[in-house]
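Visitor: The following block contains a protein sequence and its predicted model.
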Amino acid sequence: MPAEYSFVSRWSVPADADRVWRETVRLLTTPSGDGAPDLTGPGTTWWPGVRFEGAPASLEPGVILFLTVRSPLGYRLRVRLTVDDIEPGRTLATSSAGDLRGRGRLSVEPDGDAASVVVFLWDVVTERRWMNTWAWALRPAFEGAHAHVMRAGERGLREELAGRSG
């Protein structure tokens, strides 16, 4: 039986919401590699352990993104994200299939003149047999791995924005 997870992650970013949105779109629409299994090598984005394959010309409903996440625990998750809805500059809603099935939502909100809050909502069930078999014992480890990947993304985005001119 699939294990259910509901995650909420909030990033506080010292950049205006438009800039943060543009960088997020750049992440999603720029190929981050050639399919090489090493998610730390050339082509890796500012989000350690996260790779988007392919590069859609734009984000709009129906567009499919392929995501691979390397867990700090050593396993990989492969997910197909379908853009369900987008409000440019504010929100992106997706549905997922693959190792994680469910729905996700990214929103970027201003937090004063020169800061933003990025919120990720992720409601999924695991589809990998071993994850479901061991969810009763490994749930805290899976939740900790998710938190680790998200913290690394927040750090990476902050560093990327600090290194780029507005």
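Guide: Alright, I've got the coordinates. Numbering: from 1, shown residues only.
Visitor: The nearest residue to residue 72 once chain neighbours are set aside is in what secondary structure piece?
Guide: Distances taken as Cβ to Cβ, 6 or more residues apart in numbering place residue 148 nearest to residue 72, at 4.8 Å, with adjacent residues excluded. Placement of C-beta: from N, CA and C, glycine included. If you go by DSSP states H and E, residue 148 is part of helix 129-163.
Visitor: just to revisit the earlier point, quick one: the residue nearest to residue 72 from residue 82, how far?
Guide: 26 Å (Cβ to Cβ, to the nearest Å).
Visitor: ok so, going back, wait, isn't the residue nearest to residue 72 in contact with residue 70?
Guide: No. Residue 148 is not in contact with residue 70 according to Cβ atoms under 8 Å; the separation is 10.8 Å.
Visitor: who's more crowded, those two?
Guide: When neighbours are counted by other Cβ atoms under 10 Å, residue 148 and residue 70 differ, and residue 70 comes out ahead with 19 against 15.
Visitor: Tell me which other helices or strands the one helix or strand in the chain whose mean pLDDT sits lowest touches.
Guide: Every helix and strand of the chain was ranked by mean pLDDT, DSSP states H and E. The lowest is strand 50-53, at a mean of 90. Contacts defined by 3 or more Cβ pairs under 8 Å, 6 or more residues apart in numbering; DSSP states H and E place strand 50-53 against strand 64-70.
Visitor: Outside of the strand it packs on itself, list whatever touches it.
Guide: With contact meaning Cβ atoms under 8 Å, 6 or more residues apart in numbering, strand 64-70 is reached by 28, 39-40, 49-54, 56, 76-83, 94, 149.
Visitor: Make a ChimeraX selection of the buried ones in those residues.
Guide: Under the burial definition 16 or more other Cβ atoms under 10 Å, those of the contacts of strand 64-70 that qualify are selected in ChimeraX by:
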select :28,39,49,50,51,52,77,79,80,81,83,94,149
